[in-house]
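S.K.: Predicted structure and sequence below. I'll ask about it afterward.
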Amino acid sequence: AGIDDLARRLRQRFPDAVIIFLGHIYPLQVKYDPKSGGFIHLKQWADKYAPGIDKGDPAFVDRMEKDEDGTFWLNIHPYQRTEFIQGLSNLVDGHPVFPYEGVGPEEYIKRFANWTLADYHHPNAEAHKAYAKIIGGIVDEQMKDYPVHPRVQEWQIKDNCQNWFESGKMDFPVKDMQMNEFSPTKHALEVGKSGGSLIVSNPTDKPMYLALEVMMTSIESKLYPRTRVSILGNEDNAITIDPLVDIENRSVHVAFPRKIGIIPPGKSSVEFLPLEKSKEPFRVVAFFITPTELMAEHW
């Protein structure tokens, strides 16, 4: 949500920048519809119908092509589609990169299965190398007539966004919350069992929207408690965050944004109260303070 606005703001700030939009898809987006009904993703199909065969092995695609018990299809999300990426590029005079144009599920696996790790999801070193080559070619071409002194303008809109997921560093007060590296290179502010709070600052002279990015899981791997979140002084508009992602047939553990509400100029205290026991404490990894019109448009 809001990537088109982000692109516009970046272009306003850096008029001469080379902006590249990369579309990436991964094998878990290949779905299988058995004639018996329902659907599964490719890794589940592989575990059942092609055990022990690497997805990059020609024998894997051969199994797919000979399967007569169901149908494969490629579930490309709207924001990954060629027309969306091209539209963003047109908006800010950018450069679209989408290596998967026009491929079906079998052709995609045949050509690109070796671009992902064994989890069928994350790009591996080969994919990063391929993307770097494509992006490098675009940059090299643009550098042929690039200005010696590229322009840098003022940001057109004030906001306040902080993310400590990778760094574990933040510069605002908290109460009954602890920074924890809960996984290698992954940090979060964890809410105490009895609740906690953090202070955010609206740097403008008008009300702004506040959103938080929190850790979430799929239903089958639930870790975190439902938590009441409110802005001190505006408790009547408290919300309850149930940190679950609605994704079928896949276990996930991701950071996800949630809109909290409107905060006035200056400092505000964001209050957290867990509503149930859980395996892990409620985890916050970022906050975003943006103009109300932007949040209303994109969330």
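M.R.: Thanks, I have it. Quick caveat, the model's predicted, so the values are computed rather than measured.
S.K.: And stretch 196-212, what's buried?
M.R.: If you call a residue buried by 16 or more other Cβ atoms under 10 Å, then stretch 196-212 has these buried ones: 196-198, 200, 202, 208-212. Every C-beta, even on glycine, is put in place using the N, C-alpha and C of the backbone.
S.K.: same deal with stretch 264-279?
M.R.: By 16+ other Cβ under 10 Å, the buried positions in stretch 264-279 come out as 268-274, 278.
S.K.: Quick check: I53 vs G168, distance?
M.R.: 41 Å (Cβ to Cβ, to the nearest Å).
S.K.: Ok, E83 next?
M.R.: Distance from E83 to G168, by Cβ to Cβ: 39 Å.
S.K.: Those two: who's more crowded?
M.R.: Neighbour count, other Cβ atoms under 10 Å: between E83 and G168, G168 has more, with 14 against 9.
S.K.: Can you tell me, leaving aside adjacent residues, what's nearest to the more buried one?
M.R.: The spatial neighbour of G168 that comes closest, neighbours along the chain excluded (Cβ to Cβ, 6 or more residues apart in numbering), is H187 at 3.7 Å.
S.K.: Assign a three-state SS to that neighbour, would you?
M.R.: With DSSP: H, G, I helix; E, B strand; the rest coil as the basis, H187 sits in strand.
S.K.: swap in W73?
M.R.: Assignment for W73 (three-state DSSP): strand.
S.K.: possible to save the buried residues of stretch 196-212 as CSV with distance to Y32?
M.R.: Below are those laid out as CSV (distance: Cβ to Cβ, whole Å):
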residue, distance to Y32
G196, 44
S197, 47
L198, 44
V200, 45
N202, 48
M208, 45
Y209, 41
L210, 41
A211, 36
L212, 36
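S.K.: Nearest to D16 among the residues you listed?
M.R.: Using Cβ to Cβ, M208 is the member of the buried residues of stretch 196-212 that lies nearest D16, at 29.5 Å.
S.K.: so what pLDDT did that closest one get?
M.R.: On pLDDT, M208 comes in at 93.
S.K.: Touching the host helix or strand of V139 from outside, list them.
M.R.: Per DSSP states H and E, V139 falls inside helix 125-142. Residues outside helix 125-142 that contact it (Cβ atoms under 8 Å, 6 or more residues apart in numbering): 18, 20, 22, 24, 95, 97, 99, 114-116, 123.
S.K.: ok, 7 Å please
M.R.: Outside helix 125-142, the residues that touch it by Cβ atoms under 7 Å, 6 or more residues apart in numbering are 18, 20, 22, 95, 97, 114-116.
S.K.: and this structure, what are its domains?
M.R.: Residue ranges for the domains of the chain, per automatic domain parsing: 3-145, 160-298.
S.K.: any chance of these in TSV, plus distance to R151?
M.R.: As requested, the domains of the chain are exported to TSV (distance: least, Cβ to Cβ, whole Å):
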stretch	distance to R151
domain 3-145	5
domain 160-298	23
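S.K.: Q153: which of those domains is closest?
M.R.: So among the domains of the chain, domain 3-145 is nearest, using Cβ to Cβ, at 5.6 Å.
S.K.: ok, V152 touching F14?
M.R.: Yes. Between V152 and F14 there is a contact at 6.2 Å, judged by Cβ atoms under 7 Å.
S.K.: out of those two, which sits in the busier spot?
M.R.: Between V152 and F14, F14 has the larger neighbour count (other Cβ under 10 Å), namely 14 against 10.
S.K.: So for Q156, what's the nearest residue that isn't a sequence neighbour?
M.R.: Q156 sits nearest to Q12 (Cβ to Cβ, 6+ apart), 5.0 Å away.
S.K.: Dihedrals phi and psi, the one you found?
M.R.: phi -60, psi -40 (degrees, to the nearest 10).
S.K.: need the helices for the protein, in chain order.
M.R.: Ranges of helices in the chain, per DSSP state H, are 3-13, 42-49, 58-66, 82-92, 105-112, 125-142, 292-298.
S.K.: Indicate which one of the ones you listed is closest to S251.
M.R.: So among these, helix 42-49 is nearest, using Cβ to Cβ, at 11.1 Å.
S.K.: Please work out which residues outside the closest one touch it.
M.R.: By Cβ under 7 Å, 6+ apart, helix 42-49 touches 27-28, 30, 32, 55, 63, 67, 120, 249.
S.K.: Of these, which is the nearest to I3?
M.R.: Taking the contacts of helix 42-49 together and measuring to I3 by Cβ to Cβ, the closest member is L28, at 21.7 Å.
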